[in-house]
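**Student:** build me a model:
(2 chains)
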Protein chains: 2
Amino acid sequence: MKGKKTNLRDADCAIARALQATGDWWSLLIVRDAIAGKQRFGEFQKSLGLAKNILSTRLKKLVEEGIFRIEPDEESRRTHRYVLTPKGEGLGIILIAFWQWGEGACFKPGELKDTMVDRVKGLPLARLQLSAKDGRTLGPREYRRVEKGAHGRPQPGRRPPKRQAVRPVQ
Amino acid sequence: MKGKKTNLRDADCAIARALQATGDWWSLLIVRDAIAGKQRFGEFQKSLGLAKNILSTRLKKLVEEGIFRIEPDEESRRTHRYVLTPKGEGLGIILIAFWQWGEGACFKPGELKDTMVDRVKGLPLARLQLSAKDGRTLGPREYRRVEKGAHGRPQPGRRPPKRQAVRPVQ
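**Tutor:** Reported below is the predicted structural model:
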């Protein structure tokens, strides 16, 4: 997987670099637990049931990537705390995107017992919605990548993709 | 990684199951390319520079997970097309969440040449925003997981997390 990491770190695509920086699925589950309030090695290990060496490697990478920073542990001199940085906190919205997709795609009706609510009023979260800057809501794939400065120039005759339609290769 | 897959498939967390279903980073990059219009094995391979056997395994898993379906290729009898299902199209919003996070977190100012625009008017996408059902916008980690039916019951005295604050373990 070494080649993959090298490639993605230098990729010209923000999705590819973001995937490289966040690491594998375990890393995102560590961030999930951190958002829920966990901060200590033992807490992550208990929650994830992960081998110590694997968890240790993941945490080290997340610190190197600036997603966590290390803070002293007021409760123990022998340990420290992993605290999400603002960069790490920004991953929270990616986790909600996964949660909302997973809710519908990976569970039978009634199977998922829990839901996500806001921390103040305890109300359910609204569904994340893709929209353009002028406020129009968009379908989940009604976007394309263009060079900066080229936006605002619609492609003549271009329409949003229809499901099942054969599209030419871009 | 076999243990991981088994664990996450049965997880009671929609994030964990979604991560399991989408597979590794390569799988999300395949979906990225499919949203951009690619459908054929050779097109994915050219875009990703991935070994044939690795790409083949990923595509097979994505079909098994119901993210792609296989369709005949009108242009060739020897090949077929991988077409995103509605479930697969739903991943588009996860990719935009990664793109928007990566834009700020993984590039120097001015380094990223491209941007994401909507397909009809070519306007930039709005930033994905977490919000509660009553419309209040939320910070990226101002959510928590509760049992369904328990929402609407705020935790007395509970406030949104402050950065750098030491939080009790939940």
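**Student:** output stretch A:107-122 as PDB, nothing but the C-alphas.
**Tutor:** The C-alpha coordinates for stretch A:107-122 follow below in PDB (Å, rounded to 0.1, in the frame of the first residue of the first chain):
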ATOM      1  CA  PHE A 107     -29.700  -1.500   7.600                       C
ATOM      2  CA  LYS A 108     -33.100  -3.200   7.300                       C
ATOM      3  CA  PRO A 109     -36.100  -1.000   8.300                       C
ATOM      4  CA  GLY A 110     -36.200  -0.800  12.100                       C
ATOM      5  CA  GLU A 111     -32.800  -2.500  12.600                       C
ATOM      6  CA  LEU A 112     -30.800   0.700  13.500                       C
ATOM      7  CA  LYS A 113     -31.700   1.600  17.000                       C
ATOM      8  CA  ASP A 114     -29.900   4.900  17.200                       C
ATOM      9  CA  THR A 115     -30.100   8.300  15.600                       C
ATOM     10  CA  MET A 116     -27.900  11.400  15.500                       C
ATOM     11  CA  VAL A 117     -29.200  14.500  17.300                       C
ATOM     12  CA  ASP A 118     -27.800  18.000  17.900                       C
ATOM     13  CA  ARG A 119     -26.000  18.400  21.200                       C
ATOM     14  CA  VAL A 120     -28.100  21.400  22.500                       C
ATOM     15  CA  LYS A 121     -31.700  20.600  21.900                       C
ATOM     16  CA  GLY A 122     -31.400  17.000  21.100                       C
END
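**Student:** what is the rounded mean pLDDT of that stretch?
**Tutor:** In this model, stretch A:107-122 has a mean pLDDT of 94.
**Student:** what stretches of chain A score poorly on pLDDT?
**Tutor:** Filtered on pLDDT under 70, chain A yields the residue ranges A:1-7, A:150-170.
**Student:** phi, psi for A:Arg77 please.
**Tutor:** phi -80, psi -20 (degrees, to the nearest 10).
**Student:** try A:Gln45
**Tutor:** Here A:Gln45 shows phi and psi, under degrees, to the nearest 10, equal to phi -60, psi -40.
**Student:** ok, it touching A:Asn53?
**Tutor:** No: taking C-beta atoms under 8 Å as the definition, A:Gln45 is not a contact partner of A:Asn53, at 10.9 Å. For glycine as for every other residue, the C-beta is placed from the backbone atoms N, C-alpha and C.
**Student:** of those two, which one has the most company?
**Tutor:** Between A:Gln45 and A:Asn53, counting by other C-beta atoms under 10 Å in any protein chain shown, A:Gln45 is the more crowded of the two (16 against 8).
**Student:** now that one: closest residue in space, sequence neighbours ignored.
**Tutor:** Nearest-residue entry for A:Gln45: A:Leu55, 5.5 Å, with adjacent residues in sequence omitted and distances by C-beta to C-beta, 6 or more residues apart in numbering or on different chains.
**Student:** pretty sure the one you found is touching A:Ser47, no?
**Tutor:** No: the pair A:Leu55 and A:Ser47 does not pass the contact test of C-beta under 8 Å, sitting 10.1 Å apart.
**Student:** who has more neighbours, those two?
**Tutor:** The neighbour comparison of A:Leu55 against A:Ser47 (other C-beta under 10 Å) goes to A:Leu55, with 18 against 15.
**Student:** which ones are touching A:Ile35?
**Tutor:** With contact taken as C-beta atoms under 8 Å, 6 or more residues apart in numbering or on different chains, A:Ile35 is in contact with A:84, A:89, A:92, A:95, B:141, B:143.
**Student:** please read the previous query as pertaining to A:Pro72.
**Tutor:** A:80-81.
**Student:** relative to A:Ala34, how far out is it?
**Tutor:** Per C-beta to C-beta, to the nearest Å, A:Pro72 is found 17 Å from A:Ala34.
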